[in-house]
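Trainee: just to be clear, the model below is a prediction. Sequence and coordinates:
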Amino acid sequence: MRRLLPHPLLSAMLLVIWLLLANDVGIGHILLGSVLGVFIPLFSNRFWPERPRLARPGTILLLSGRLLRDIVAANFTVASAILHPQRNLTPGFVHYPLELRNEFAITVFASLISLTPGTVSADLNADRTVLLIHALNVTDRDALIAKIKQSYERPLQEIFPC
């Protein structure tokens with residue numbers, strides 16, 4: 001079964017996404033979504049990295065809750081900045097020193113940064129030790145780095161042990 005469906009969760013997500021995009025739950029779309037759900041993971045399986053070793057499932061839940069809270073709060077902050085343009089923003093780039101060494105964990109970390117409105121991961125240096133982050137309002141670089149480290153990087157270090 002693993003040979004036919006190397007990533008069953010991805011297969012199921014592809015089917016659901018196809019049905020949502022098609023906006024139709026007819027038999028034809030279910031069959032096409034199922035074919036996509038089987039063949040895309042099957043053909044892309046060789047490009048996938050080794051399955052990451054996860055630890056501390058409770059930390060995953062805490063990180064997910066923290067991320068959701070931060071996304072909601074950041075949405076209000078960005079909306080306020082748009083609705084009140086007289087507010088002085090100081091956008092800028094921050095060179096974030098990474099402690100993570102696991103490539104998958106770094107990818108997840110960069111994605112979490114980009115999911116939060118007002119920040120985006122811009123670049124990763126060649127030796128994977130510094131992530132360039134652009135933030136909408138950088139008043140204190142050290143405080144921003146400390147907040148990101150405490151909120152996202154430390155939990156990821158627990159979830160993806162090296």
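Mentor: Nice, thanks for sending it over.
Trainee: could you pull out the helices for this structure?
Mentor: Remark: helices assigned in the chain by DSSP state H are 8-22, 27-44, 57-83, 103-115, 141-148, 154-159.
Trainee: in JSON lines, list the ones you listed along with distance to Arg128, mean neighbour count and mean pLDDT.
Mentor: Yep, even glycine has a C-beta here, placed from its N, CA and C like the rest. JSON lines is the format used below for these (distance: least, C-beta to C-beta, whole Å; neighbours: other C-beta atoms under 10 Å; pLDDT from 0 to 100):
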{"stretch": "helix 8-22", "distance to Arg128": "25", "mean neighbour count": "15", "mean pLDDT": "92"}
{"stretch": "helix 27-44", "distance to Arg128": "23", "mean neighbour count": "14", "mean pLDDT": "94"}
{"stretch": "helix 57-83", "distance to Arg128": "21", "mean neighbour count": "13", "mean pLDDT": "91"}
{"stretch": "helix 103-115", "distance to Arg128": "6", "mean neighbour count": "18", "mean pLDDT": "93"}
{"stretch": "helix 141-148", "distance to Arg128": "16", "mean neighbour count": "14", "mean pLDDT": "96"}
{"stretch": "helix 154-159", "distance to Arg128": "14", "mean neighbour count": "18", "mean pLDDT": "94"}
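Trainee: give me the residue at the spatial middle of this structure.
Mentor: Centroid check for the chain by C-alpha atoms, centre = their mean gives Ser111 as the closest residue, at 2.9 Å.
Trainee: before we move on, the earlier item: now distance to Asp127 too, for the helices of the chain, in TSV please.
Mentor: Output for the helices of the chain, formatted as TSV (distance: least, C-beta to C-beta, whole Å):
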stretch	distance to Asp127
helix 8-22	30
helix 27-44	27
helix 57-83	26
helix 103-115	12
helix 141-148	19
helix 154-159	18
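Trainee: quick one, which of these gets closest to Ser121.
Mentor: Nearest to Ser121, of all these, is helix 103-115, at 3.9 Å by C-beta to C-beta.
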